[in-house]
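Trainee: can you look at this prediction? I've put the sequence above it.
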Amino acid sequence: MKVLTVIGTRPEAIKMAPVIKAVQQSKKLDGLLCVTGQHRQMLDQVLQIFELVPEYDLDLMRGNQDLSSTFARIVQEVSTILNKSQPDVVMVHGDTATTLASSLAAYFHQVPVAHVEAGLRTGNIYAPWPEEINRKMTACVSRWNFAPTDMARDNLLRENVAPSTIHVVGNTVIDALLQVVDKIDGDAQIKQSLTDKFDYLDGSRRLLLITGHRRESFGEGFKNICAAIKHLSKRKDLQIVYPVHLNPAVYEVVHEELSSQDNIHLIEPVNYLEMAFLMQASELLLTDSGGIQEEAPALGKPVLVMRETTERPEALEAGTARLCGTDQKNIIDSVSDLLDNPDIYQAMARSNNPYGDGHSSSRIVSILEGES
């Protein structure tokens, strides 16, 4: 069975790297990798860390690209690759433009689709936007829906997705994270180079690690987030590191509002090794990222989510994450609550991660092998 995996962004690459590796190691599957380059620089960093070399690189990224033109280019270019490679399966991940566009291209060619991390829902088609619809529409054309949790499976069933297509396998991001943490801890040279890179970190202060990039927060939302961060930076026991997303709608606002604050380190986007190192060093994380809601609990780090809703309610139910939205006061109060109340902090830090055990990739490959 020839499996063509198509990815375009950094999160997709991280979460699919263990699956791609497992496919490559299979004796029954023939793996090919296509990258669209939706996130060019950040994508290449992940490919390098996991030693992945794509057979096809579409390099579709353009300055200030809009969703419509990006989507159209991906459909057209992936269609060309399908004609060249003639795969038996197209495998995609999650909720990006690459995910849905590649799935539709496969559908137009009547090639079965395998959707990894299927079934995440908020119930609001504009939050996250456009990711919610990307996921829902991808499920409609998928032969295999690899759901990370029982809750994700139930979401698919409520949408009348055929039960025979749904497989609960856990989330592959835990596979990726544990592999990278082992790489850091097992190589003194790598660990020292990471320590040297972030030598400005003060071991006597607690680290608040921040990521933020969601479209629904553009404008007023990010101004509120920055105001909250500026207020929190006044704490003498705290240091803040914020790898700032390169999207101008994020980058320009964050730098304008926060670059003059001594206790805030605004840094360029980090690679996955560096992110894992910073997560390990952090006290807690403030984020709107989906992946971090899954990853940080595996390291015992509480997560505060700067969104009004999340397609990962398992984290809320398990107690590993809490919503704080983009309201300035809510963010300040939520961070302060965790920093100032050890019992509340430990309750979140010690909660069981609902997203997997590090063996999701092998489960996916076994299922595909069973139908090869």
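Mentor: That came in fine, so what should we check first? Residues are numbered from 1 along each chain as shown.
Trainee: of all residues in this structure, which one is nearest the centre?
Mentor: The structure's the chain has its C-alpha centroid closest to G291; by C-alpha atoms, centre = their mean the separation is 3.4 Å.
Trainee: quick check: closest non-adjacent residue to I174.
Mentor: In space, not counting the residues next to it along the chain, I174 is nearest to G356; the distance is 4.0 Å by C-beta to C-beta, 6 or more residues apart in numbering. In short, each C-beta sits where N, CA and C put it, glycine included.
Trainee: same thing with I133?
Mentor: The shortest distance from I133 to any residue other than its chain neighbours is 5.4 Å, reached at I125 (C-beta to C-beta, 6+ apart).
Trainee: contacts only, for that neighbour.
Mentor: I125 is in contact with 132-133, 136, counting by C-beta atoms under 8 Å, 6 or more residues apart in numbering.
Trainee: just A17 next, same as before
Mentor: 46, 50, 52, 176.
Trainee: for the first one, helix, strand, or coil?
Mentor: Look at V46: counting by DSSP: H, G, I helix; E, B strand; the rest coil, its state is helix.
Trainee: quickly find the element holding the nearest residue to L47 once chain neighbours are set aside.
Mentor: Distance criterion C-beta to C-beta, 6+ apart; nearest residue to L47, sequence neighbours excluded, is A13 at 6.2 Å. Secondary-structure element containing A13, defined by DSSP states H and E: helix 10-25.
Trainee: list the buried residues for that helix?
Mentor: Of the residues in helix 10-25, those buried under the neighbour-count criterion (16 or more other C-beta atoms under 10 Å) are 10-23.
Trainee: of these, closest to S260?
Mentor: Sorting these by how near they are to S260, with C-beta to C-beta, puts R10 at the top with 28.3 Å.
Trainee: wait, the closest one sits on Q48?
Mentor: No - if you go by C-beta atoms under 8 Å, R10 and Q48 don't touch, sitting 11.8 Å apart.
Trainee: quick check, F146 in a helix?
Mentor: No - for F146, which was evaluated using three-state DSSP, the result is strand, with no helix membership.
Trainee: using the three-state scheme, assign the residue nearest to the centre of the chain.
Mentor: When states are read from three-state DSSP, the local structure at G291 comes out as helix.
Trainee: for V90, see how far away it is.
Mentor: Between G291 and V90 the distance, using C-beta to C-beta, to the nearest Å, works out to 22 Å.
Trainee: report the buried residues of the helix ranked longest in the chain.
Mentor: Ranked by number of residues, the top helix in the chain under DSSP state H is helix 67-85. Buried residues in helix 67-85, defined by neighbour count with 16+ other C-beta under 10 Å: 70-71, 73-75, 77-79, 81-82.
Trainee: turn the residues you listed into JSON lines, including distance to V244 and pLDDT.
Mentor: Formatted as JSON lines, the entries for the buried residues of helix 67-85 read as follows, by distance: C-beta to C-beta, whole Å; pLDDT from 0 to 100:
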{"residue": "T70", "distance to V244": "22", "pLDDT": "91"}
{"residue": "F71", "distance to V244": "26", "pLDDT": "94"}
{"residue": "R73", "distance to V244": "26", "pLDDT": "94"}
{"residue": "I74", "distance to V244": "26", "pLDDT": "95"}
{"residue": "V75", "distance to V244": "31", "pLDDT": "97"}
{"residue": "E77", "distance to V244": "29", "pLDDT": "97"}
{"residue": "V78", "distance to V244": "30", "pLDDT": "98"}
{"residue": "S79", "distance to V244": "35", "pLDDT": "98"}
{"residue": "I81", "distance to V244": "33", "pLDDT": "98"}
{"residue": "L82", "distance to V244": "36", "pLDDT": "98"}
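Trainee: how about E220: what's its closest non-neighbour residue?
Mentor: T326 is the one closest to E220 (C-beta to C-beta, 6+ apart), at 7.9 Å.
Trainee: what's the neighbour count on the one you found?
Mentor: Here the neighbour count serves as a burial measure; for T326 (other C-beta atoms under 10 Å) it reads 21.
Trainee: my read is that it contacts C226, right?
Mentor: No - in this structure, T326 is not within contact of C226 by C-beta under 8 Å, at 10.2 Å.
Trainee: identify the contacts common to the two.
Mentor: Among the neighbours of T326, none is also in contact with C226 (C-beta under 8 Å, 6+ apart).
Trainee: quick one on the thing from earlier: for F108, state which of the buried residues of helix 10-25 is nearest.
Mentor: Distances from F108 to the buried residues of helix 10-25, taken by C-beta to C-beta, are shortest for E12, at 21.1 Å.
Trainee: pLDDT at the closest one, what is it?
Mentor: Residue-level confidence at E12 comes out at 94, pLDDT.
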